[in-house]
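Chemist: Please work out how this folds:
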Amino acid sequence: MVDNPYLDAVLTAIAAIIFIIISGYGVGLLARFIAKLAGASRKKQENTFAGYLFASPWIVGFLIFVIIPMGFSLYWSFTDYRVVSNAPPNWVGVDNYTQLILKDGGFRASIVNTLYLTAIGLPLQIAFALFLAVMLSQNMRGERVFRMAFYLPVILGFNTAVLLAWRLMLNTGTGIINQLIRAAAEAFPPFGYLSRALIFVQEITSAFFLGLSSGKFSLLTKVWEAGFPAANRVPLWVQSPLWSKMSVILLMIWGCGAMMLIFLAGLKNIPRELHEAAEVDGASGWKRFWSITFPLLTPYIFYNIVVGLINSLQIFEPIFVLYRDNQPLVPSAISMVYYLWQASFRHFEIGYGSAISWVILVIILVVTVVQFKMQDRWVHYDLY
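Modeler: Okay, here's the model as predicted:
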């Protein structure tokens, strides 16, 4: 490397371009050679060379940045490799997996927390996305503005600046969300009773899941004995272990714009004649939704469930930004991927972290396969 950083960057870029050209040409030659061995015609060989030459940047990138790292990760998962240690990785067999599955209470807690986020957060996210899509399909004025507004969270994503803004809004005392809840409760007392009832149900549910994580249900007993919340109670979004997961679920719902667009596309594809015929027969709007709209949307619901489950099982950024500097709340919100980050990049246990990553991969694969096996029972493709 040279001392001049600008020259160093230029030389690195040139080297990368040369590598892409050489590797691409090599992939094309290999593909043409295989086609020749298969008895392809000369024109077919040339077409094969051209096709793989243009596809080679992706192929080489996939090999370098996906396949090879996965191979190293699989090998390290059977070792005690640590970054801070100068010793080479020592083969330990399945000890990492045995420790992880049978003895690691922290990982079991992360599974319970992730299950909570998935079982409660994903249905709410899908339901809210479907509700927004139905509202936007009514051809209302300003529809494009609302589409942009609801999709904007997807563009912003879970970046640090956005999540820090959410942490300020979720503050118990000064956050705008709790201020709006207080104002609505004062202006409309029934809303206050509803809010307090939801707080009670949420805290009971969260205390139960925390008890499953730790094996102790003392917190559940305290919440039950405290009874119905007082009139001035508001959610303790980022200040209490009872609300740490619910704040993450709130962010999941906020980012439902991609699901909304999928549902909106599905609603636009439903033939209007079906609704008109049902309306002539006297079917109400609710009846038309459940008898026509919902069955025809099941392929889109299935897609959102598959993608949403994979995303919720890998959730990391909201937990990292909201709670990494609030260690007392981390155990109540920690997810499987956050636990993976802790093992790999905080404790530098690369071997153990690799084992965690492969267990997460197996969990996601099993859940996805089960969903595809069960889709025939409720997904209706034949209605199109």
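
Chemist: Just list the residues touching the closest residue to residue 265 other than its chain neighbours, thanks.
Modeler: Using C-beta to C-beta, 6 or more residues apart in numbering and skipping the chain neighbours, the partner closest in space to residue 265 is residue 300 (7.3 Å). To be clear about C-beta, it is placed using only N, CA and C from the backbone, and glycine gets the same treatment. By C-beta atoms under 8 Å, 6 or more residues apart in numbering, the residues touching residue 300 are 262, 263, 265, 266.

Chemist: would you say residue 300 is within a strand?
Modeler: No - applying DSSP: H, G, I helix; E, B strand; the rest coil, one finds residue 300 to be helix, outside a strand.

Chemist: Can you give me the distance of it to residue 311?
Modeler: Distance, residue 300 to residue 311, by C-beta to C-beta, to the nearest Å: 16 Å.

Chemist: Same check on residue 160?
Modeler: With distances taken as C-beta to C-beta, residue 160 is found 19 Å from residue 311.

Chemist: rewinding a little: now which of the contacts of residue 300 would you call buried?
Modeler: Neighbour-count burial (16 or more other C-beta atoms under 10 Å) applied to these gives 262, 263, 266.

Chemist: Longest helix in the protein, please.
Modeler: Under DSSP state H, the helix in the chain containing the largest number of residues is helix 5-37.

Chemist: Follow the chain on from it and name the next helix or strand.
Modeler: Downstream of helix 5-37, the first helix or strand assigned by DSSP states H and E is helix 42-62.

Chemist: quick one: contacts of the helix or strand just after that next one?
Modeler: Proceeding N to C from helix 42-62, the next assigned helix or strand is helix 68-76, under DSSP H and E. Applying C-beta under 8 Å, 6+ apart, the contact partners of helix 68-76 are 89, 350, 351, 354, 357, 358.

Chemist: Which of the residues you listed fall within helices?
Modeler: Those of those mapping onto helices are 350, 351, 354, 357, 358, per DSSP H.

Chemist: Out of those, flag the one nearest to residue 151.
Modeler: Comparing these against residue 151 with C-beta to C-beta places residue 357 closest, at 31.1 Å.

Chemist: ok, now which ones touch the residue lying closest to the closest one once chain neighbours are set aside?
Modeler: Spatial nearest neighbour of residue 357, chain neighbours left out: residue 340 (5.7 Å); criterion: C-beta to C-beta, 6+ apart. Applying C-beta under 8 Å, 6+ apart, we find residue 340 in contact with 353, 356, 357, 360.

Chemist: So how do I select the buried members of these in ChimeraX?
Modeler: ChimeraX command restricting those to the buried ones, with burial defined by 16+ other C-beta under 10 Å:
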select :353,356,357,360
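
Chemist: Confidence-wise, which of the buried ones among the contacts of residue 300 comes last?
Modeler: pLDDT across these is at its lowest for residue 266, which sits at 90.

Chemist: still on that earlier bit, could you measure the residue nearest to residue 357 against residue 184, distance?
Modeler: Distance, residue 340 to residue 184, by C-beta to C-beta: 40 Å.

Chemist: now do residue 314
Modeler: Applying C-beta to C-beta, the value for residue 314 to residue 184 is 35 Å.

Chemist: I'd say residue 309 and residue 369 touch.
Modeler: No - Residue 309 is beyond contact range of residue 369, at 11.7 Å (criterion: C-beta atoms under 8 Å).

Chemist: quick revisit: can you tell me which of the contacts of residue 300 lies closest to residue 236?
Modeler: Taking C-beta to C-beta as the measure, residue 263 is the one of these closest to residue 236, at 32.6 Å.

Chemist: what residues are up against the closest one?
Modeler: Counted by C-beta under 8 Å, 6+ apart, residue 263 has contacts 129, 130, 132, 133, 134, 297, 300, 301, 304.

Chemist: Among the residues you listed, which are located in helices?
Modeler: Using DSSP H, those in helices are 129, 130, 132, 133, 134, 297, 300, 301, 304.

Chemist: give me the element the nearest residue to the second one once chain neighbours are set aside is part of.
Modeler: Beyond its immediate neighbours in the sequence, the residue positioned closest to residue 130 (C-beta to C-beta, 6+ apart) is residue 263, lying 5.2 Å away. Residue 263 is located in helix 257-269, with elements delineated by DSSP H and E.

Chemist: same thing with residue 315?
Modeler: With DSSP H and E as the test, residue 315 turns up in no helix or strand.

Chemist: out of everything not next to it in sequence, what's closest to it?
Modeler: Take residue 315 and drop its neighbours on the chain: the residue closest to it by C-beta to C-beta, 6+ apart is residue 335, 5.3 Å away.

Chemist: show me what contacts the one you found?
Modeler: 110, 113, 114, 117, 315, 316, 319.

Chemist: which residues sit in contact with the closest residue to residue 106 other than its chain neighbours?
Modeler: Residue nearest to residue 106 in three dimensions, not counting chain neighbours: residue 339, with 6.3 Å by C-beta to C-beta, 6+ apart. Shown in contact with residue 339 (C-beta under 8 Å, 6+ apart): 106, 107, 110, 356.

Chemist: wait, which of the residues you listed is closest to residue 27?
Modeler: Out of the contacts of residue 339, the member with the shortest distance to residue 27 (by C-beta to C-beta) is residue 356, at 33.6 Å.

Chemist: tell me the pLDDT at the closest one?
Modeler: So residue 356 comes in at 95 (pLDDT).

Chemist: Please name the residues that touch it.
Modeler: Residue 356 makes contact with 100, 107, 336, 339, 340, 343, 344, according to C-beta under 8 Å, 6+ apart.

Chemist: quick one: terminal-to-terminal distance for stretch 118-126?
Modeler: Stretch 118-126 has its terminal residues 11 Å apart, counting by C-alpha to C-alpha, to the nearest Å.

Chemist: shift numbering so it begins at 2
Modeler: Let's use 2 as the start, then, which means that last one is stretch 119-127.
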